[in-house]
Every structure is written in structure tokens, then in C-alpha cells.
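Q: give the three-dimensional model of this entry:
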Amino acid sequence: MSQRERLVIANCGGFWGDDPTAAKRQVEGGPIDYLVMDYLAEVTMAILQKQRAKDPNAGYANDFVAQLRDVLPACVEKGITVISNAGGVNPMACRKAVEGLALELGIADKVRVGVVLGDDLYPDLDELLEKGEPLAHMETGAPLSSVRDKVLSANVYLGARGVVRALAMGANVVISGRVTDTGVTLAPMIHEFGWASDDWDRLASGIVAGHIIECGTQCTGGNFTDWETVPSYENMGYPLVEAYPDGTFVVTKHPNTGGLVNVHTVSEQLLYEMGAPDYLAPDCIARFDTIQLADDGPNRVRVSGVRGGPPPEKLKVSISFEQGYRAFGRLMVSGPDALRKAEVVADTFWASVGGPEAFEGASTQLIGYDSCHPPLGGEPGEVLIQMAVRDHDRKKIEGSFATQLVPKVLGTVPGITYLADQGRPRASGVVGYWPALISRDKVRVTATVGNETIRLAHEKLAAPGPIDVTPTEVTGKAPGGSTVKVPLSKLCLARSGDKGDTCNVGLLARSPEVYLWAREHVTPAFVKERFASVCQGEVERFEVPNLLAMNFLLHHSLGGGGTLSLLLDAQGKTYAQYLLAAEVEVPQGLVPA
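A: Purely as a prediction, here's the structure:
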């Protein structure tokens, strides 16, 4: 196979529920070689496992098939290959649905569906435990046996190898289960450019490319700090990666689409859900503190310089388990003294159900005032009171908490009403998240295309070791003279997101001088104090000077995270904006004109 000189990979979705028109717009917007879609999150796997338990033909992201209906004929005609982890916990059923669609569309003879299996450990859990894989919780060290009877799903994060094999077998639609978000982008680069399995720098570059585009429009102007500079949010352009054999690539979007691509939009996404600068993936370790970004024309950012190294010895496993129930109740309070009246309603409600202490977890939040973070000033004309509980006893929630909410509309303050589409709260199951590690040799990965199935051999990993990285030195000097108080947003940009119960806040300085100032003044203690109302653990800081950035990890700051949380913002999406609203005193010369 002759090596391509250039490869265009288009992302058309960052999660299950993203814009259903994105695939068609990416295929029709300009020339592309691959269309990649990411559907899976930790909680999604548990939902899909429940669906498969009820129906053996379910358990995959059915939105994927709906999107393919719009684009599959065009993909076949234009030679575009589709790669997605939409298979969830039932990739073979997803394959059957796609092949049925191809038959319906009259192109069955032109569609070869590849399936990558091996991530679903749920059927093998007892055998793995018996053979000495404790699957201990990565943070607490507790053995999985302590919650074995409550486990809903267990999926190991696979890398790109299975997808690469399916492509080599001739598939033009590849479906997988829990292949990483980055893996679906890295795979076509390996396949087309012939990268070796130990070509760490190029593999790391592919991981970085996948991380940038895995969340769809978050790198093309979505969730961008400087949102007012985005020309338009209509017809948002989804990201494209123009990749080259040497590992460099350009992030861009189709012409005449909304959104914005520049160094700052890409930098913000690089910091999203990031921990330490050594980003761990099943295929390799990518050093985010080596990434170099440069403008490459309008809506184009060139990425280069990425260094990488051998991957971790073990693979990460995402396990979900039943962890009780939770319920939410909401009432609207309006008019003069809205806050004082809301407090009376909340106090009265909790007294009628035995107090917050009667439940394993309880929360009161005033939406529109302090539901995500303390107020920035002023009193609203109306607030939405949200009261929530979590408990293993469903009857307690439905018999006490749920029945006492709506009566407060008639029995407390004036100017109060309930939401027409809610009424009495309902208890729903809580899914806990259990991260663990597993030996690579316990994972059996296969690739199937047509009637041929190939089991991938276990590769002998190179010994992990330090990656030769030359630290980026940031030069400059903070100006002296008079000082001024400004919101941190005048000096920095930021992006935040969740990993379980830990919130990541990436802070990006607008200049080298600001970075040097922020490194001294925006300390873990500063961030901890700012988020004192929600952060129950320590705050870690990692420096990423090549991006003029610092990454903060706020441990135990999301109320348990995922479906366990009773917080309005269980994914930390608002945390960056709240940090940027902090007033800081800085030399006048640091503030952009």
C-alpha cells in the first residue's frame, strides 16, 4: 500500500446526543477521508448494558444508525471510511443494524462492516477475579468483590490496534465498543501512514489530534472563553484534522461554517479533562508539555513537536455499579424578598421530611443565585429552589421526600409555584463509577470483517521510562508600577470538565508575562479558597508552559460525580467561568489594552 501524503479526518460528534445533522454537514462540506464519531461515556455503558439485558438486539447507540442513513451512500461514493465506538456493549447487533441499513439503501455490496471486540469484561468478571485480577478501585484501593453483586457494566479502554486491523482487513465502516475517544482518530493515521507500533512521537501526535477533536465543536469555538469573538454559532463547523506522515497536523473546519479555530480555541480543548502533562493512553503516553501550536491561516492551527513514550503497563477499566437512588424536586419562588422566601420554603420542606440528615445525601440549591457557586452580586427577582436527596432506600425517598414537595406551594410563602412538567419528584437509580486497572494479557481483542475474525496477538511492551523532554522556558517580566483590580478573565482564558469526582480547570494565560504572574499568584491555595463551597479535597496544579497554561485538579468537588451527584453542575462545566470571575490585583501593564 502506497503511503498517503495527507489525510483528512472529520469529527461529527463528541457524545451520544450531539447534533444529529453534523455527519451530513461534514460529508457534504468538503473533501474528507475519514468520518469519526465518539458516543461513549462511563455512565453510557451502564445504560446500554441495561438495554441489552432487556433486549438482546439493543445495547448500542442507535443514533449512529440514524446518522448513517443520511451519509452512508455518499461515503461509499466518495470513498469515506466511517469509524465509531457506537457499538457500546453490543457491537455485533450494531453491525447487523448497519448491514440492514446498507441493504435497504441498495449498497450492501459496497459496505464492509468491521467490528472490534474485547473491551466488554462484564461476562468474564468472576473468572478474572478468581484468576487474581482484583480490579481494585484506583483511588480507594477497595477490591471489586465488595460491590460485585451490584456491577452493571465493565469495559476496558482499548486503543487503536483493533480498529487498525479492521481497516487492514478492508472494512469501510468500523464499529467498536469502548475504544478510546482518541483511538478512533489515531487508527486511520497508523493505517494510512504505516506508523510502527513503537513510533512513540508520531503515535503521541495522533493521540493529541484525537483529544483535540474528540469533543466536537469544543475546539471550533464552542464553550470558548472569548465567546464574543466567535463570528457565529449558527451552522457550527465541526473539526477537521489534516494529518501528515511526519506526525504534524492542522486543526480546521469546513469553509462557510460557524465557529472559530485559533490557537486559543485549540489550547482550551487541550486542557479539557487533562491531568498531569503526561497523558496516558492505551497506545502510548503523550507529553502535552511538548505540544507546539501556531496559526496557519484563518481558522487553521498547526500542531507539531509532540513527544511520546511507551504506554502504561496496565489498561484502565471503567466499571459501573448500582449505588442507590436519588430524586430532585424544584419550586419557583418570585417577587420581592425572593431569597428570604426561598429559605423559608426550604426550611419548611426539610422539617416536614425529617431534615437533610434523614438521608444519606441531601442538597439545597437556589438556581439563578447560588446553585453552581456563590453569587457574583445582586439579588434576583426569582429563584428556582432545588432540593435533592440520595439514599439506598427507595421507599424513603418516594414516601417522604417526594410527597412533601408540591404541598409547599399552598402551605408556605406567596409567589411560589411548581414546574408544570415535573410535579412530584421521582426516584431514579444512581450509577456509581469504579475505575480500575487490568493486565493487558487478560484482554482478548478481535477484529471481524465479513466471515473473517482475527485475534490480535499481545505485543511485548517497551519498558516504561522517562521521555526526553526539553522544558519550555517562558521569558518575560511582569511590569511594575500602579496596580488595578480586574476579573481574572482579563488576563486568562479557561476550560473545565469532569473526571469522576474530580474537576479539571485549565487556565491559559494571554501572554508570557501573565503566565509568569499567574504561576506566582494563582496557586492551589487560591483556587481552593475560590471553590471552598464545593471542593472537599486537595487542589493539585500542573504547569504546561508551552501552552502558557496551568492545569488544576479539584479533588472531591463534584458531589461524587456522574449520576451520584446532587449538584446542578455535576460535570464541572461552570467552574472555569467562576474562576475567571475572581477579582485580582495586578500591575496595570499586565492588562491588555
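Q: CA atoms for contacts and neighbours, from now on please.
A: Will do.
Q: let me see the mean pLDDT of the helix or strand that Ala10 is a member of.
A: Taking DSSP states H and E as the definition, Ala10 sits inside strand 7-11. In this model, strand 7-11 has a mean pLDDT of 98.
Q: which strands and helices sit next to that strand?
A: Under the contact definition 3 or more Cα pairs under 8 Å, 6 or more residues apart in numbering; DSSP states H and E, strand 7-11 sits against strand 34-37, helix 183-193, strand 239-243.
Q: next SSE downstream of that strand?
A: Counting by DSSP H and E, the next helix or strand C-terminal to strand 7-11 is helix 22-28.
Q: mind checking which helix or strand of the protein has the lowest mean pLDDT?
A: Sorting the helices and strands of the chain by mean pLDDT, DSSP states H and E puts helix 42-54 at the bottom, at a mean of 83.
Q: for stretch 417-434, measure first residue to last.
A: Across its full length, stretch 417-434 reaches 39 Å between end residues, using Cα to Cα, to the nearest Å.
Q: show me which residues of that stretch are buried.
A: The neighbour-count check on stretch 417-434 (16 or more other Cα atoms under 10 Å) flags Thr417, Tyr418, Arg424, Pro425, Arg426, Ala427, Gly429, Val430, Val431, Gly432, Tyr433, Trp434 as buried.
Q: how about residues contacting it?
A: For stretch 417-434, the surrounding residues in contact (Cα atoms under 8 Å, 6 or more residues apart in numbering) are 42-43, 46, 137-138, 318-333, 394, 397-398, 401-403, 405-406, 409, 500, 562-564.
Q: mind checking which of these are buried?
A: Listed as buried from the contacts of stretch 417-434 are 42-43, 46, 137, 318-333, 394, 397-398, 401-403, 405-406, 409, 500, 562-564; burial here means 16+ other Cα under 10 Å.
Q: neighbours of the closest residue to Tyr244 other than its chain neighbours, just the number please.
A: Using Cα to Cα, 6 or more residues apart in numbering and skipping residues adjacent in sequence, the residue nearest Tyr244 is Arg6, 5.0 Å away. Per other Cα atoms under 10 Å, the neighbour tally for Arg6 reads 14.
Q: next step: the contacts of stretch 417-434 restricted to helices.
A: Glu42, Val43, Ala46, Arg394, Val409 (DSSP state H).
Q: for the stretch 1-150 of the chain, which segments are assigned as strands?
A: Counting by DSSP state E, counting those that start in this stretch, the stretch 1-150 of the chain has strands at residues 7-11, 34-37, 81-84, 113-117.
Q: adding distance to Asp149 and mean neighbour count, write those out as TSV.
A: As requested, the strands of the stretch 1-150 of the chain are exported to TSV (distance: least, Cα to Cα, whole Å; neighbours: other Cα atoms under 10 Å):
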stretch	distance to Asp149	mean neighbour count
strand 7-11	38	25
strand 34-37	33	25
strand 81-84	31	25
strand 113-117	25	27
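Q: go through these and name the closest to Ala346.
A: Of all those, it is strand 34-37 that lies closest to Ala346, at 43.6 Å by Cα to Cα.
Q: outside of that closest one itself, list whatever touches it.
A: 8-14, 23, 26-27, 80-86, 184-185, 188.
Q: strand partners (parallel or antiparallel) of it?
A: Taking DSSP bridges as the criterion, strand 34-37 sits next to strand 7-11 (parallel), strand 81-84 (parallel) in its sheet.
Q: distance to Val303 added to those strands, as CSV?
A: Formatted as CSV, the strands paired with strand 34-37 follow (distance: least, Cα to Cα, whole Å):
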stretch, distance to Val303
strand 7-11, 14
strand 81-84, 23
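Q: picking that back up, export the ones in helices among the contacts of stretch 417-434 to TSV and tack on distance to Glu520?
A: Converted to TSV, the ones in helices among the contacts of stretch 417-434 look like this (distance: Cα to Cα, whole Å):
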residue	distance to Glu520
Glu42	36
Val43	38
Ala46	43
Arg394	49
Val409	51
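Q: tell me how far the closest residue to Pro20 other than its chain neighbours lies from Gly13.
A: Excluding the flanking residues, the one nearest Pro20 by Cα to Cα, 6+ apart is Gln67, at 6.3 Å. Here Gln67 is placed at a distance of 11 Å from Gly13 (Cα to Cα).
Q: and for the two, which residues touch both?
A: Contacts common to Gln67 and Gly13, judged by Cα under 8 Å, 6+ apart, are Ala23.
Q: between those two, which one's more packed in?
A: A direct count of neighbours by other Cα under 10 Å for Gln67 and Gly13 places Gly13 higher, at 26 against 17.
Q: so how far is Lys24 from that one?
A: The gap separating Gly13 from Lys24 is 11 Å, by Cα to Cα.
Q: helix or strand: which one has His264?
A: Assigned by DSSP H and E, His264 belongs to helix 263-271.
Q: ditto for Gln577
A: In the assignment (DSSP H and E), Gln577 maps to helix 575-580.
Q: could you give the bridge partners of Val115?
A: With DSSP bridges as the criterion, Val115 is bridged to Ile175, Thr448.
Q: ok, it - contacts?
A: Pro91, Met92, Arg95, Ala166, Val174, Ile175, Ser176, Ala447, Thr448, Val449.
Q: pLDDT at it, what is it?
A: pLDDT, Val115: 98.
Q: may I have the beta-bridge partners of the residue nearest to Glu42 when sequence neighbours are not counted?
A: Using Cα to Cα, 6+ apart and skipping residues adjacent in sequence, the residue nearest Glu42 is Ser318, 6.4 Å away. Per DSSP bridges, the residues bridged to Ser318 are Asn155, Pro435.
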